[in-house]
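Novice: sequence plus the predicted model coming up.
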Amino acid sequence: MLGRKLDIEIFGTISEGSIYFGYYRERGMNYKVYILTNHKLKTSEQCIVIAEEFNENSSTKKLVASPLGEIFYEPEIRKRVAMAHTEISHMICLYEKSCGAVVFYRSNDSIKYLLVKNRNGRCWSFPKGHIENGESEKQTAAREIKEETGLDVHFKADFRETGIYHPFGRTSKKVVFFLAETNSDKVSIQRREIDYYRWATMDQAQKLCKHENDIRVLEKVSNLLETAN
């Protein structure tokens, strides 16, 4: 159901202008649908399914939808669905958002960049993670860097690069990268998240990174830092 467009009849509102509810029936399955919006809805709306309860043992599943053009990520979805005095324990989402940073360290007039390889990933990239409810993008990036590497960082102003990719199925993932400097090269990796790390020169990093968006971000960093030296 994830990513499907449905014509949903609106039965009522739980929190005016925040969450509505309705039902959708297909092939003997009943779906309770929560509709998230920042606008007032009509009695029926064409919506896209943005989250789905993952429960193979239930004949009644919950869906979360939003009007076309409105995007909500998991922390906000859970927060609003909780207004209905319910929860979705196992959820898959159409839209995901992660925040992280290109972390660099200056030593002996050279600059090294931190690359990590996640346990579920096959490519070198930068420390990042999912945004949590109530966090700003930079708060998420700082928390994830600290959790994954043990490093404290400070961000360089006016650097923010985004990318969109599709890791699996219909899921669309937005990644936000900042630029951050650390005063230490002593990394302590989070073993349940990270398999390997390494400090690399810009040339090495550009060769090791395979994702087009990561390479583009490194080019931006190179133009900003390397030319400044």
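Specialist: Cool, the structure landed.
Novice: what number of residues lie near the residue lying closest to residue 160 once chain neighbours are set aside?
Specialist: Excluding the flanking residues, the one nearest residue 160 by CB to CB, 6 or more residues apart in numbering is residue 178, at 5.9 Å. No exception for glycine: its C-beta is placed from N, CA and C like everyone else's. Applying other CB atoms under 10 Å, we find 26 residues neighbouring residue 178.
Novice: looks to me like residue 178 is in a strand.
Specialist: Yes. The assignment for residue 178 (DSSP: H, G, I helix; E, B strand; the rest coil) places it in a strand.
Novice: against residue 224, how distant is it?
Specialist: 12 Å (CB to CB, to the nearest Å).
Novice: now do the shared contacts for these two.
Specialist: Contact criterion CB atoms under 8 Å, 6 or more residues apart in numbering; residues shared by residue 178 and residue 224: 156, 159.
Novice: sketch out the low-pLDDT regions of the protein for me.
Specialist: Within the chain, the stretches with pLDDT under 70 are 15-17, 55-60, 121, 226-229.
Novice: just the strands in it please.
Specialist: Per DSSP state E, the chain carries strands over the ranges 5-15, 19-26, 29-36, 44-53, 60-67, 91-93, 95-107, 110-118, 128-130, 154-155, 161-165, 172-181, 194-200.
Novice: among these, which is nearest residue 210?
Specialist: The closest of the strands of the chain to residue 210 is strand 110-118. By CB to CB, the value is 11.1 Å.
Novice: could you list the residues in contact with the closest one?
Specialist: 102-105, 123-127, 148-149, 151, 182, 185, 187, 189, 193-202, 205, 208-209, 218, 221, 225-226, 229.
Novice: for ChimeraX, what selects the buried ones among these?
Specialist: Filtering the contacts of strand 110-118 down to the buried ones (16 or more other CB atoms under 10 Å) takes a single ChimeraX command:
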select :102,103,104,105,124,125,126,127,148,149,151,182,187,189,193,194,197,199,200,202,205,208,209,218,221,225
